[in-house]
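Chemist: Next input, structure requested:
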Amino acid sequence: MAKPLLPDGLWAVIAPLLPPEPAKPKGGRPRTSDRVALTGILFVLRSGTPWELLPREMGCGSGMTCWRRLRDWQKAGVWDRLQQALLDRLGRQNGIDFSRASLDSASIAAKKGGSATGPNPTDRGKPGTKRHVLTDARGIPLALSLTGANVHDSRMLEEVVDAVPPIRQCWGRPRKRPARLYADKAYDHRRCRRALTRRRIQHRIARRGIESSQRLGRHRWVVERTLAWFAQFRRLAIRYERRSDIHLAFSTLAAALIVWRFIERWFC
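Modeler: Numbers count the residues shown, from 1 in each chain. You can find the predicted model right below:
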């Protein structure tokens, strides 16, 4: 039997984060429920189905209704708060390993162009978007950022490291800094090492012309696996959204769903 797109446990976390339904002093048609609209959003994210082809048989309303809800919730910061809430839940149960972190990126084609895209040097200069992800030692996504495919990885190190939110722990103060960061040769720059040193993070970055990135593979494979998990959400395998905020909404929601998998596996 297939798992539900929106299990009760996940909905219990999301529901308090959603903005209240706007008032309708002049009446009008009944509003599609938030849970039904979110189910439609998850279906599009997982299947890659175009909004206009969202099956009516699912009872999720029209694709445009789901799209508007995704847009409005992104503007309200719902997906960031969801990711924070799930990370806090893991942190309180000692489920996040800050002993080391891994940083990497993956480029995807951007069929319609738009903001946060650029010529992809690995795809004959076609428009593309790059997804930068930082994970803990288990591969749990802690931070995410989107840029054009032509932005060098090293330029994003500080922004991605600083994007890790303060995560509650089973004891003590919230934590957002890993003890050590692993990265490949793309981050082999003095400014990257200095940035990590200022943040009191030990660095283990492969040096160009001296050592192979494969030596770090026993630690870095987790972030590569996490990037592969993002690609399993078919809406994220190729960027179809011209608007970067919609693609970021999908990406942040996917990161939250990956965190939810860890919660289900270990604590549910």
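Chemist: From Thr147, how far out is Ala256?
Modeler: 21 Å (Cβ to Cβ, to the nearest Å). Any C-beta I mention is one placed from the backbone N, CA and C, and that applies to glycine too.
Chemist: actually Met156, sorry about that
Modeler: 6 Å.
Chemist: Kindly list the longest helix within this structure.
Modeler: Assignment by DSSP state H gives helix 244-267 as the longest helix of the chain.
Chemist: Strands along this structure, start to end?
Modeler: For the chain, the strands defined by DSSP state E cover 101-109, 118-119, 127-135, 141-148, 180-183, 202-205.
Chemist: Between those, which one is closest to Ile263.
Modeler: Smallest distance to Ile263 across these (Cβ to Cβ): 13.1 Å, for strand 141-148.
Chemist: Is there a neighbour count for Ala12? I'd like the number.
Modeler: Neighbourhood size, Ala12 [other Cβ atoms under 10 Å]: 9.
Chemist: from now on call the first residue 43
Modeler: From this message on, residue numbering opens at 43, which makes the last subject Ala54.
Chemist: Retrieve the pLDDT associated with it.
Modeler: In this model, Ala54 is scored at 95, pLDDT.
Chemist: Next: Ala44.
Modeler: Reading off the model, Ala44 has pLDDT 60.
Chemist: Tell me how many other residues crowd Met100.
Modeler: 12.
Chemist: which regions of the protein lie under the pLDDT threshold?
Modeler: The chain contains residues with pLDDT under 70 at 43-44, 69-70, 252-259, 310.
Chemist: now the helices: where do they sit in it?
Modeler: With DSSP H as the criterion, the chain has helices at 50-56, 76-89, 105-117, 120-134, 199-204, 232-240, 259-274, 276-279, 286-309.
Chemist: helices or strands up against the second one?
Modeler: For helix 76-89, the packing partners by 3 or more Cβ pairs under 8 Å, 6 or more residues apart in numbering; DSSP states H and E come out as helix 50-56, helix 105-117, helix 276-279, helix 286-309.
Chemist: redo that, cut-off 6 Å
Modeler: Counting contacts by 3 or more Cβ pairs under 6 Å, 6 or more residues apart in numbering; DSSP states H and E, helix 76-89 is packed against helix 105-117, helix 276-279.
Chemist: Same question for the last one.
Modeler: Taking 3+ Cβ pairs under 6 Å, 6+ apart as contact, the helices and strands that helix 286-309 lies on are helix 105-117, helix 120-134, strand 183-190.
Chemist: closest one to Phe309 among the ones you listed?
Modeler: Each of these has some distance to Phe309 by Cβ to Cβ; the shortest is helix 120-134, at 7.9 Å.
Chemist: Run the chain-centre distance for the closest one.
Modeler: Put simply, helix 120-134 sits 12 Å off its chain's centre (Cα atoms, centre = their mean, to the nearest Å).
Chemist: before we move on, the earlier item: by how many degrees do the longest helix of the chain and strand 183-190 diverge?
Modeler: With axes from the mean of the first three to the mean of the last three Cα atoms, to 10 degrees applied, the angle from helix 286-309 to strand 183-190 works out at 160 degrees.
Chemist: what's helix 286-309 in contact with?
Modeler: With contact meaning Cβ atoms under 6 Å, 6 or more residues apart in numbering, helix 286-309 is reached by 52, 87, 112, 116, 121, 124-125, 128, 135, 157-158, 182-183, 186, 188, 271-272, 275, 277-278, 281, 283.
Chemist: Now that we have those residues, which of them are buried?
Modeler: Buried members of the contacts of helix 286-309, scored by 16 or more other Cβ atoms under 10 Å, are 52, 87, 112, 116, 121, 124-125, 128, 158, 182-183, 186, 188, 271-272, 275, 277-278, 281, 283.
Chemist: Mind listing what's buried along stretch 54-63?
Modeler: Across stretch 54-63, burial judged by 16+ other Cβ under 10 Å covers Val55, Ile56, Leu59, Leu60.
Chemist: give the contact list for Lys218.
Modeler: Lys218 is in contact with Val206, Pro208, counting by Cβ under 6 Å, 6+ apart.
Chemist: And the one 10 residues further on, by the same measure?
Modeler: For Ala228, the contacting residues are Asp195, taking Cβ under 6 Å, 6+ apart as the criterion.
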